[in-house]
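> 3D, please:
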Amino acid sequence: MRAVVIHALFIGVALAWHCYLTAIVWLFAVVFVFPFFASVRQILEHRAEPALCETDFTQELHDPVNRMFGKDSFSQFFGAAGFNRHLLHHCDPTVSYTRFDAMQAFFAETELRPRLENAQSTYLTTFAILLKTAIRDDR
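Take a look at the predicted model:
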């Protein structure tokens, strides 16, 4: 409800100031752009690299995939609220993203260290790999 009020406020202010294009662009971004990038982020976090586009995953099992993206500026922005280290979120969803550094340091001292290292990637690398798989699958 808070999000609806805030977005309505932004749009209302733009309309009150006769900034109609601003209101339209804001509404377009909220309705189309944000959901698009949120969906892309989830695909990058969870889709297996060899998963084919033609596979109906409502009928076939897709093994769990959780990646660890970097702490660079883009990853911090795109994977907001700690989702750039999505694997840690799935290890214990009750842990706040503000504690992921400590959690990662703890896991690095356990037998989970190889799993964390194997899950490391970047959003761009993962996007490129999944795109190559999709293009190969389309042929």
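> what's the residue closest to the geometric middle of the protein?
Geometric centre of the chain, nearest residue: residue 41, 2.8 Å, by Cα atoms, centre = their mean.
> residues touching that one, list them.
By Cβ atoms under 8 Å, 6 or more residues apart in numbering, the contact set of residue 41 is 78, 79, 83, 123. In short, each C-beta sits where N, CA and C put it, glycine included.
> in the sheet, who's paired with the closest residue to the second one other than its chain neighbours?
Nearest residue to residue 79, sequence neighbours excluded (Cβ to Cβ, 6 or more residues apart in numbering): residue 69, at 5.5 Å. Residue 69 has these beta-bridge partners by DSSP bridges: residue 121.
> on that earlier part again, which of the contacts of residue 41 sit farthest apart?
83 and 123 (10.6 Å; Cβ to Cβ).
> in this protein, what spans have low per-residue confidence?
Residues of the chain meeting the criterion pLDDT under 70: 138-139.
> quick one: the helices in it?
Per DSSP state H, the chain carries helices over the ranges 2-16, 20-28, 34-46, 73-78, 86-91, 100-108, 113-118, 123-138.
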